[in-house]
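**Student:** Here's my sequence, what's the structure:
(chains A and B, ligands or ions: 2)
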Amino acid sequence: MNSPNLKRGLHVWRRNFDVFKSYYIPSLTRNILEPLILLFGLGLGIGTLVETVNGLSYLEFIAPGMLVSFGMITATFECTFGAYTRMAEQKVYNNMLATPLAIEDIVLGEILWGTTKTLFSAMVMLVILMLIGLFKEFAMIPLILLNMLALGATFSALAICVSANVSNYESFNFYFTIVITPLMLFSGIYFPADKMPEWFENLMLAFPTPHAVNINHYLFYGINSGDAITGAIYLLLFVPVAVMTAGYFVRKRLIPAG
Amino acid sequence: MSIVEAVRLKRSFGDFLAVAGIDFSIDSGSCYGLLGPNGAGKTTTVKMIQGFLPRSSGSLMVMGRDIESKPAKTKSQIGVVPQENNLDRDLTVLQNLLTYARYFDISPNEAVSRAEELLRFLELDGKWEAQITALSGGMQRRLAIARSLINRPRLLILDEPTTGLDPEARHLIWRRIQTLKQQGVTIILTTHYMEEAERLCDFVAMMNNGTILMEGKPADLIEKEVGKEVIEATISKTEIEKFSLEMERMNIKQEQRGETVYLYPNKTGSENVLQKVMEYRHSSLIHRKASLEDIFLKLAGRKLDE
Ligand SMILES: Nc1ncnc2c1ncn2[C@@H]1O[C@H](COP(=O)(O)OP(=O)(O)O)[C@@H](O)[C@H]1O
Ligand SMILES: [Mg+2]
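**Tutor:** Ligands and ions are numbered 1, 2, ... in the order given. Now for the predicted structure:
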């Protein structure tokens, strides 16, 4: 296993960015409209049923977690459907491999790209939250983005692991249903994690999402539900392992065994 | 000086031996043809040379270096036109070249000037902004060739560059390959068109079942394996056996495929053979120069006999 080269990884990032430039309008539209619709819907719907959660209005409570939820989905979409199309359908990785790029460079570039889109979605959402007055801790923006960066890298890498192991688009349903949907529901985004049985809450801590949610809650409101520091350490360790695992699976997929 | 040197080069896929321990050496500046039927192991061989597939055993030196050490450095001097079309369909024609140039760390200005030059060279001038899916098969292949030249490679690998193209497209590609040869680029060409190999290659290796059956200059191989001339005769069904026996008595090498008998007379024999054919009922008779195709058919015939 080679270690990736950042400059070559950025060439792959740049390729994806150039393609993105030709369809940024639908992409940006989704980034802006989806959080608005969700905030509006949940705020009007559930928000009227719920007085306060841990002393916060319902919209205040879900705002930090929604950043995580959207970031996770964005990276996951980009590195499942997007990366799979490039790897398996269009053979883009094969054309890259005839140049000085190595598999690790390509995987690094894809993860950087998935992470970029996560950061982008987080920034759009932060602007929306600021405009409607749900986010005021401007000094925390760099740390929030750092948290989203780790989250984006994690879910980009996980999605690439999945992409390297499926043979059609339908198979992504397993990953979405078994992994992503439960992570959205049970990570303390829409209701506090301590409402679940304790064993289940602990089980969820094996996954990155609840940690990212806890960190965001801390950065937004100074509430240390769960342990933000443990979460940060967890994410810092998770990212390199996920990136290396992704490299391993893509190599296994593209280079036939001898 | 040799630019590629393989010794007992082997590659297996599971239990299956796709390249069964081959030796070859490719001279710098030459055009080397890997010929053979589908499944012979041509693509597997070139994918090892381009550093895509690791070998199972043996040694493979490319430009004086083991291909598996410092692959990025070696790959920066290789151009590849793969058998499968893997142009980047998310990008336009020009973007395909510029993006590819970036993978080689070529500066943007330099990339633009090389791309313009290559699009002219491959007669794609008017297509800069075109989408890949709007190009014909021949244009896509030409673009793949342009792309492979963006890094000004010392070694160019063309894996079946004209398969599936119409004659006009094929001839354009042949002319361009000739030009590249004159510029001193070393070329490895795989093909199952023998005419293509005969026109372009200085040296050819005939592959089958992962081995190199024979190797040499096309003219030498033809002379050695089939002689100078070939007579193709289609003899009536009722007489073909008798005719074949008569040829055997005359010591004329022959191959029979369907109703056509291919005869390989030596220098003095062709007049006699032609006369003999005239004595039989035949529906066609062709007397022509021998070609690589005859070797190929001979080998294919042998394979069928097995
Ligand atoms: N990834 C692979 N897995 C298993 N077998 C393969 C693979 N690639 C090629 N082969 C087999 O190796 C043999 C040689 O293939 P290839 O090198 O593509 O031949 P050619 O290019 O001469 O048509 C074929 O029998 C093919 O089926
Ligand atoms: Mg092939």
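**Student:** and the residue in chain A positioned nearest to ligand 1, how many residues sit next to it?
**Tutor:** Here the residue of chain A nearest ligand 1 is A:Pro256; by CB to the nearest ligand atom that distance is 3.5 Å. In short, each C-beta sits where N, CA and C put it, glycine included. Counted with other CB atoms under 10 Å in any protein chain shown, the neighbours of A:Pro256 add up to 16.
**Student:** repeat for B:Arg11
**Tutor:** Neighbours of B:Arg11 (other CB under 10 Å): 26.
**Student:** Name the next helix or strand downstream of whichever strand or helix holds it, please.
**Tutor:** With secondary structure defined by DSSP states H and E, B:Arg11 is part of strand B:2-13. Going down the chain from strand B:2-13, the next helix or strand is strand B:16-27, by DSSP H and E.
**Student:** Following the chain past that following strand, name the next helix or strand.
**Tutor:** Per DSSP H and E, the first helix or strand lying C-terminal to strand B:16-27 is strand B:31-35.
**Student:** Is ligand 1 within reach of that next one?
**Tutor:** No. Remark: strand B:31-35 sits outside contact range of ligand 1, by CB under 6 Å from any ligand atom, the gap being at least 7.7 Å.
**Student:** Name the residues that touch the helix or strand just after that strand?
**Tutor:** Toward the C-terminus, strand B:31-35 is succeeded by helix B:42-49 as the next helix or strand (DSSP H and E). The contact list for helix B:42-49 (CB atoms under 8 Å, 6 or more residues apart in numbering or on different chains) reads B:4, B:6, B:9, B:11, B:18-19, B:22, B:34-36, B:53-55, B:60, B:62, B:67, B:78, B:80, B:83, B:155, B:157, B:159-160, B:188, B:190, B:207, B:210.
**Student:** what stretches of chain A score poorly on pLDDT?
**Tutor:** Low-confidence segments of chain A (pLDDT under 70): A:1, A:225-226.
**Student:** For it, which segments count as helices?
**Tutor:** Along chain A, the stretches classed as helices by DSSP state H are A:6-21, A:24-44, A:46-49, A:58-77, A:83-84, A:92-97, A:103-131, A:141-163, A:172-175, A:181-186, A:198-204, A:208-221, A:228-254.
**Student:** Relative to B:Glu168, which of those is closest?
**Tutor:** In terms of CB to CB, the element of those nearest to B:Glu168 is helix A:92-97, at 26.2 Å.
**Student:** Please name every helix or strand in contact with that closest one.
**Tutor:** helix A:103-131, helix A:228-254 (3 or more CB pairs under 8 Å, 6 or more residues apart in numbering or on different chains; DSSP states H and E).
**Student:** Recalculate using a threshold of 10 Å.
**Tutor:** Under the contact criterion of 3 or more CB pairs under 10 Å, 6 or more residues apart in numbering or on different chains; DSSP states H and E, helix A:92-97 touches helix A:6-21, helix A:103-131, helix A:228-254, strand B:78-81, helix B:93-103.
**Student:** In chain A, which residue is most central in space?
**Tutor:** Closest residue to the average C-alpha location of chain A: A:Met72 at 2.6 Å, with CA atoms, centre = their mean.
**Student:** so what's it up against?
**Tutor:** A:Met72 is in contact with A:118, A:121, A:148, A:151-152, A:154-155, A:158-159, A:180, A:183-184, A:187, A:189, A:208-209, A:212-213, counting by CB atoms under 10 Å, 6 or more residues apart in numbering or on different chains.
**Student:** so where is chain B shaky, pLDDT-wise?
**Tutor:** Low-confidence segments of chain B (pLDDT under 70): B:267-268, B:301-306.
**Student:** Taking it, what residue is nearest to ligand 2?
**Tutor:** B:Thr43 (3.1 Å; CB to the ion).
**Student:** that older thread, mind checking the helices of chain A for the one nearest to ligand 2?
**Tutor:** helix A:92-97 (13.9 Å).
**Student:** how much space between the residue of chain B closest to ligand 2 and B:Leu35?
**Tutor:** Distance of B:Thr43 to B:Leu35, computed by CB to CB, to the nearest Å: 13 Å.
**Student:** which neighbours do these two share?
**Tutor:** Listed as contacting both B:Thr43 and B:Leu35 by CB under 10 Å, 6+ apart are B:Thr190.
**Student:** Mind checking which of the two has more residues around it?
**Tutor:** Neighbour count, other CB under 10 Å: between B:Thr43 and B:Leu35, B:Leu35 has more, with 30 against 21.
**Student:** List the residues that contact the residue of chain A closest to ligand 1.
**Tutor:** B:Arg11, B:Ser12, B:Phe13, B:Gly14, B:Ala18, B:Thr44, B:Lys47, B:Phe52, B:Leu53, B:Pro54.
**Student:** What of A:Val53?
**Tutor:** A:Val53 touches A:Glu60, A:Phe61, A:Ile62, A:Tyr190, A:Phe191, A:Pro192, A:Lys195, counting by CB under 10 Å, 6+ apart.
**Student:** Just the buried ones from the residues you listed, in ChimeraX syntax?
**Tutor:** The ChimeraX command for the buried members of the contacts of A:Val53 (criterion: 16 or more other CB atoms under 10 Å in any protein chain shown) is given here:
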select /A:60,61,62,190,191
